[in-house]
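J.: Build me a structure from this.
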Amino acid sequence: MKKIIRKLHLWIGLITGLIFLLVCLSGALLSFTEEALNIVNKDYLYVDKQDKPRAKVEDVIKNYEQAYPKENIFLMNTYSEINRSYDFFSAVKSGKKDHNGYDVYEGYKMVYANPYTSEIIRVDKGTLETIIILVNLHVNLFLGETGQYIIKIGTFIFLIQIIAGLWLWFPRSKNAKRTAYKVKFDGTGKRLNYDLHRTLGFYVSVVLLVLTITGLIMAWRFIKDPIVDSLGGKSELLETEAPQPARQFNTADYSYNSLYETLLTNRPEAMQITFYIPQSDTITVFNGRTGDRTSFLNFETGKYFQFNRYTGESTGAEELKYYDRNNEIEAATLLIHMGFWGGITTKVLTFVFGMIGASLPITGFLIWKKRNNKKKEKN
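T.: Next up, the predicted model:
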């Protein structure tokens, strides 16, 4: 049995090793998306405090739309800190559609605006685009729908590989136990490489299992649906739009700033308020999230909200609570997968373990190559 599993582990690893490396490497780097944005734009996160009220949210949006009329703003972050800059990200339509029929965007930008004057003080054209590139590498290998299926199927293979690796690592003798838990750094190059693969693989296996299982939950509906239902959501509402009020023609939008003030009053614990900007006139709600700490994209903490686009009234439909619960479950899964759930500590651990995971196909290949060369020498 051990010989069969070793062969299985070896040949699956040789065939899928490059994919495993790229997925682990890109996932590790994505752990620090927020930190990367904040470091690159550190001089624009705050402005000098002024003895004047902050600019209206809609004025900031209008100011940017006038400066960049061809771009779409996806979301806007506002903060309880009075001198923290507003920020949002935008992109332009490429004119292409994805396999689901949705518009494909390009040229992603992170934008920062003065909270007192609404002046655009920073347009970061590179960092967010780099993050999007890493995301595409991680989820589809730049191969579109075909790449998505490769990753989805590959995730099952990764699960098999990790379990097989653990089975092969398990020490079955006293001598094996003495060497199973440590790397012999003063050994030969061959022994060091073997320990780096076997021992480090054991230490990161639990984290890699968690990351793989959360990846499977996000990738496959037949896995996600029963989990959502068991946790209080409704799986039949996944990937559907929340109920919206009827569209009102020739009616002006309700003030973002009024909603902002309402949310500050009703949710005083909120440190961040994120508005998801409607991408068409057929969307009849303003929605977003309030967070009890600041975070990139504001999906890790806080509460969902949804208001009528024309009246500013809360659209608290009965089924909305299930949409909210579905969002919470999906967000929690993504948080665990990206290592965001425990702050900087879990981000560092996810990064380190992800980088070690990326090294396993390399050390595994070197083990095979040396053994293969040895066999050739004997022949």
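J.: Any buried residues in stretch 106-123, and which?
T.: In terms of neighbour count (16 or more other Cβ atoms under 10 Å), stretch 106-123 has its buried residues at 108-118, 120-122. Placement of C-beta: from N, CA and C, glycine included.
J.: in those residues, which two residues are the furthest apart from each other?
T.: Farthest-apart pair in the buried residues of stretch 106-123 is Tyr108 and Tyr116; separation 26.5 Å (Cβ to Cβ).
J.: show me the contacts for Glu81.
T.: Applying Cβ atoms under 8 Å, 6 or more residues apart in numbering, we find Glu81 in contact with Tyr46, Met271.
J.: Repeat that for the one 5 residues further on.
T.: Going by Cβ under 8 Å, 6+ apart, Tyr86 touches Ala55, Val57, Val60, Met76, Asn77, Thr78, Tyr79, Tyr112, Ala113, Asn114, Pro115.
J.: Beyond the helix or strand Cys24 falls within, next helix or strand please.
T.: Assigned by DSSP states H and E, Cys24 belongs to helix 2-30. Downstream of helix 2-30, the first helix or strand assigned by DSSP H and E is helix 33-40.
J.: what's the offset of that next one from the middle of its chain?
T.: 14 Å (Cα atoms, centre = their mean, to the nearest Å).
J.: Tell me where the chain has strands.
T.: 71-79, 86-97, 103-113, 120-124, 272-276, 285-291, 303-308 (DSSP state E).
J.: In this protein, where is pLDDT below threshold?
T.: Scanning the chain for pLDDT under 70 picks out the ranges 297-302, 316-318, 378-379.
J.: Determine the longest helix present in this protein.
T.: Secondary structure of the chain per DSSP state H: the longest helix is helix 344-378.
J.: Quick one: list the elements packing against that one.
T.: With contacts taken as 3 or more Cβ pairs under 8 Å, 6 or more residues apart in numbering; DSSP states H and E, helix 344-378 sits against helix 2-30, helix 189-219.
J.: Might you calculate how far it sits from the centre of the chain?
T.: With Cα atoms, centre = their mean, you get 25 Å for helix 344-378.
J.: got the angle for it vs helix 33-40?
T.: For helix 344-378 against helix 33-40, the angle by axes from the mean of the first three to the mean of the last three Cα atoms, to 10 degrees is 110 degrees.
J.: tell me, how many neighbours does the closest residue in space to Thr16 that isn't next to it in sequence end up with?
T.: Of all residues not flanking Thr16 in the chain, Ile157 sits nearest, at 5.4 Å (Cβ to Cβ, 6 or more residues apart in numbering). Other residues within reach of Ile157, judged by other Cβ atoms under 10 Å, total 16.
J.: Could you verify my assumption that Ile157 touches Ile12?
T.: Yes: between Ile157 and Ile12 there is a contact under Cβ atoms under 8 Å: 6.1 Å.
J.: And the strands of the chain: which comes nearest Glu377?
T.: strand 103-113 (52.6 Å).
J.: How many neighbouring residues does Pro243 have?
T.: 14.
J.: I should have written Ile15 there, sorry.
T.: 10.
J.: now the one 5 residues further on
T.: Neighbours of Phe20 under the rule other Cβ under 10 Å: 22.
J.: ok, now Ala67?
T.: 11.
J.: same thing with the one 4 residues further on?
T.: The local packing count at Glu71 equals 19, with neighbours defined by other Cβ under 10 Å.
J.: switch to numbering from 350
T.: Understood, numbering begins at 350; the last thing we discussed is Glu420.
J.: State the distance from Ser375 to Leu424.
T.: According to Cβ to Cβ, to the nearest Å, Ser375 stands 23 Å off from Leu424.
J.: which of the two has more neighbours?
T.: Ranked by neighbour count (other Cβ under 10 Å), Ser375 and Leu424 place Ser375 first, with 19 against 16.
J.: got a list of what the more buried one touches?
T.: Taking Cβ under 8 Å, 6+ apart as the test, what Ser375 contacts is Leu483, Val484, Leu486, His487.
J.: Could you do Phe381 as well?
T.: Phe381 neighbours (Cβ under 8 Å, 6+ apart): Lys696, Phe700.
J.: Let me see the backbone angles for it.
T.: phi -110, psi 30 (degrees, to the nearest 10).
J.: Ile500 reaches Leu486, doesn't it?
T.: No: taking contacts as Cβ under 8 Å, Ile500 lies outside contact range of Leu486: 9.9 Å.
J.: And Gly450, how far from Arg570?
T.: 18 Å.
J.: the more surrounded of those two?
T.: Using other Cβ under 10 Å as the criterion, Gly450 and Arg570 rank with Arg570 on top: 13 against 6.
J.: Without its sequence neighbours, what residue ends up closest to Gln556?
T.: Quick fix: residue 556 is Val, not Gln. Phe702 is the one closest to Val556 (Cβ to Cβ, 6+ apart), at 4.4 Å.
J.: Sorry, wrong one. I was asking about Tyr605.
T.: Spatial nearest neighbour of Tyr605, excluding adjacent residues (Cβ to Cβ, 6+ apart): Val406 at 4.0 Å.
J.: got it, and Leu371?
T.: Spatial nearest neighbour of Leu371, chain neighbours left out: Leu486 (6.1 Å); criterion: Cβ to Cβ, 6+ apart.
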